[in-house]
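Visitor: coordinates only, sequence not included:
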DNA sequence: ATTGGTTGCTTAATCGTTAAAGCAAGGGGG
DNA sequence: CCCCCTTGCTTTAACGATTAAGCAACCAAT
């Protein structure tokens, strides 16, 4: 490995000058800077991150803690975050907190031991990571007081509920996966805030919810709003088993616009996160916190977008009535 | 941050002794080691990875280059790799090569600049990463000469083909996504090696393949074997559009056992990779290469496992014949 | 009593970079 | 002509660990 020393003895100046020239910090003549740059290039010089980290105390590495990489949503966030981090010359060390709050703390500790400059945490549902010695940005949901930036889950819930309401549904089922999740509770709160008025709403949770939903549809509900595309897909399977057609007999919606939601049948109406924007804001926040220059605006919210596909339609009674006309 | 120096002055010995005691390398009395350990614990001492990296030239960080994190298969590999790496006290820097060979080279360069001790690369389809200055393990497929370890894609293809053949199908379609992919070609080679004998086989590729497949089914094919669950899901949608029932009129299989394959309808017969084993072998290989002690056995292959679900069944002609008996 | 080996510790150098402080040379203003 | 400021560079120390080499003390064996 070629170091700053070689360039120094090569050109005949001190190592400090090389460092100054390359980082643009001290006072070095234009002409010398050019010569040094050129020689560095020729020798294929790469600064030692270890040495720099030791001296400056900054590693240029961000820690990213994700609840569960096998849930298809998180990798896409991770990907965007890593792209944004690249732009700012930051590396990303990923840790998976594998479903438990304990593993989450462990993951954070490991990242700290590696000397990360900051942490971006998507918390385990229902948990708040304890404060640590480096800046931290939390990506969760508006109702979490620790939240730094998140998608507008509540607004997203409102979007899909309004869609369902507008096309004429008057009795709907809401189906959540886990009541502990702040994100899912916010989504549902957004839905009910819109539906509350003149629409009959039942909210069910968890595995038992699928059966409840089927029964409620059989007794007249015309739409099922879920808090995740994965739940919607499973619901779709249960409906098929009960011989209920989507969207002819019941409309179905998901959340997150996962890869498969556009290619399943019928293509799923869902609500998409603006993952790019989310990632870029998260990185903005954490880098601002690290540099400490500007005060950081936290608790930001990124709007969601309704994606209407074939799994939602006008309820069949209305269709029948129309045909009669 | 508390350093080795503080412990040293605290106890009244030299820093070298602290280092020796903590790493267990030099000669230090049992009793002193115990005292040092205790004091280190009390002070909450954490060794500086930067200093250690600078001195030893090893960062304890592995670079992981993935083709595309939004493809659901890779995160699950990434997750297992990161678990295995944790066990060996290694960190993992993830880089996404985002679909292009050029980005792949860039990603590798960035990781090298960060001083990773080794690289695990799942290459972009059809590419071989150029050799670099640190050990590298390549996770691809047997037919790639650079391959270090991979699932037995060809064997997996054979498994699913044998299943289809055994339950009585005699005219089948094989549907691949991208002919450039070594992995997909190997999967298909495995399928055809089993089917070749007395079974009529058509192989189609890419987007156009969906239409070809539908037409071939209409003219008598009773099974569609795809090289990915994603393709299978999309095929399922196309079949629905053409009013063809799965599995009643045509059997359908995927590959990789992605999250949704068990909850879609009908649940998908597929072939699962042993991702745990794959990850653990990959990390074994790369750590062996890094330590350089033992010669490394490369080109290893991990068996795949057939997962039979509801999307495959005896072809309908046979069923009819049976009923007649 | 001398030699030799072991044990338990210290000294000092080193990894590659940064940054504060210092210094010589030149220029401009009074 | 003297003083002060600026420019362009050097000197030196430091970041926190590791490690080769050294040395004193002790024990055992000749």
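Guide: Structure received. It should be emphasised that the depicted structure is a prediction, and the values quoted were computed from it without experimental measurement. Numbers count the residues shown, from 1 in each chain, chains lettered A, B, ... in the order given.

Visitor: who's in contact with residue A:276?
Guide: By C-beta atoms under 8 Å, 6 or more residues apart in numbering or on different chains, residue A:276 lies in contact with residue A:80. The way it works is simple: take the backbone N, C-alpha and C, and place the C-beta from them, glycine included.

Visitor: Report the buried residues of the host helix or strand of it.
Guide: Under the criterion of DSSP states H and E, residue A:276 resides in helix A:275-291. By neighbour count on 16 or more other C-beta atoms under 10 Å in any protein chain shown, the buried set for helix A:275-291 is A:275, A:278-290.

Visitor: What of stretch A:259-270?
Guide: A:259, A:260, A:261, A:263, A:264, A:265, A:266, A:267, A:268, A:269, A:270.

Visitor: counting contacts, what elements does the helix or strand following the helix holding residue A:276 pack onto?
Guide: Once the chain leaves helix A:275-291, the next helix or strand it forms, by DSSP H and E, is strand A:300-302. If contacts are counted by 3 or more C-beta pairs under 8 Å, 6 or more residues apart in numbering or on different chains; DSSP states H and E, strand A:300-302 sits against strand A:149-151, helix A:275-291.

Visitor: For DNA strand D, which of those is the nearest?
Guide: Of all these, it is helix A:275-291 that lies closest to DNA strand D, at 18.1 Å by C-beta to the nearest atom of the strand.

Visitor: So that closest one, near DNA strand C or not?
Guide: No - interface with DNA strand C: helix A:275-291 contributes nothing (C-beta under 7 Å from any atom of the strand), its closest point being 13.2 Å away.

Visitor: re earlier: show me the one of the helices and strands packed on strand A:300-302 that comes nearest residue B:149.
Guide: Judged by C-beta to C-beta, the one of these that comes nearest to residue B:149 is helix A:275-291, at 31.8 Å.

Visitor: Just the mean pLDDT for that closest one, thanks.
Guide: Mean pLDDT, taken over the full extent of helix A:275-291, equals 94.

Visitor: which ones are touching residue A:122?
Guide: Residues counted as contacts of residue A:122 (C-beta under 8 Å, 6+ apart) are A:65, A:66, A:67, A:74, A:77, A:138, A:139, A:140.

Visitor: ok, now with 10 Å
Guide: Each residue near residue A:122 by C-beta atoms under 10 Å, 6 or more residues apart in numbering or on different chains is listed here: A:64-68, A:73-74, A:77-78, A:81, A:97, A:104, A:137-140, A:150, A:183, A:282.

Visitor: in chain A, which segments are predicted with low confidence?
Guide: Applying pLDDT under 70 to chain A flags residues A:318-325.

Visitor: Quick check: the residue of the stretch 151-300 of chain A nearest DNA strand C.
Guide: Going by C-beta to the nearest atom of the strand, DNA strand C is nearest to residue A:291 of the stretch 151-300 of chain A, at 13.2 Å.

Visitor: show me what contacts that residue?
Guide: A:117, A:135.

Visitor: what does the one 4 residues further on give?
Guide: Each residue near residue A:295 by C-beta under 10 Å, 6+ apart is listed here: A:288, A:289.

Visitor: buried stuff in stretch A:92-109?
Guide: A:92, A:93, A:94, A:95, A:96, A:97, A:98, A:103, A:104, A:105, A:107, A:108.

Visitor: Tell me which helix or strand the first one sits in.
Guide: Spelled out, it's residue A:92. Per DSSP H and E, residue A:92 falls inside strand A:91-96.

Visitor: list the helices and strands that strand packs on?
Guide: Counting by 3 or more C-beta pairs under 10 Å, 6 or more residues apart in numbering or on different chains; DSSP states H and E, the packing neighbours recorded for strand A:91-96 are strand A:61-66, helix A:73-87, helix A:101-113, strand A:118-121, strand B:61-66, helix B:73-87, strand B:91-96, helix B:101-113.

Visitor: Any chance of TSV for those, columns distance to DNA strand D?
Guide: Converted to TSV, those look like this (distance: least, C-beta to the nearest atom of the strand, whole Å):
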stretch	distance to DNA strand D
strand A:61-66	16
helix A:73-87	25
helix A:101-113	11
strand A:118-121	19
strand B:61-66	16
helix B:73-87	19
strand B:91-96	16
helix B:101-113	19
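
Visitor: So for residue B:235, which of the ones you listed sits nearest?
Guide: Residue B:235 lies closest to helix B:73-87 among those, at 17.6 Å (C-beta to C-beta).

Visitor: what residues are up against the residue nearest the centre of chain A?
Guide: Centroid check for chain A by C-alpha atoms, centre = their mean gives residue A:77 as the closest residue, at 4.5 Å. Residues counted as contacts of residue A:77 (C-beta under 10 Å, 6+ apart) are A:64, A:66, A:120, A:122, A:139, A:151, A:273, A:275-276, A:278-279, A:282, B:69.

Visitor: if you set the cut-off to 8 Å instead, what comes out?
Guide: Residue A:77 makes contact with A:66, A:122, A:139, A:275, A:278, A:279, according to C-beta under 8 Å, 6+ apart.
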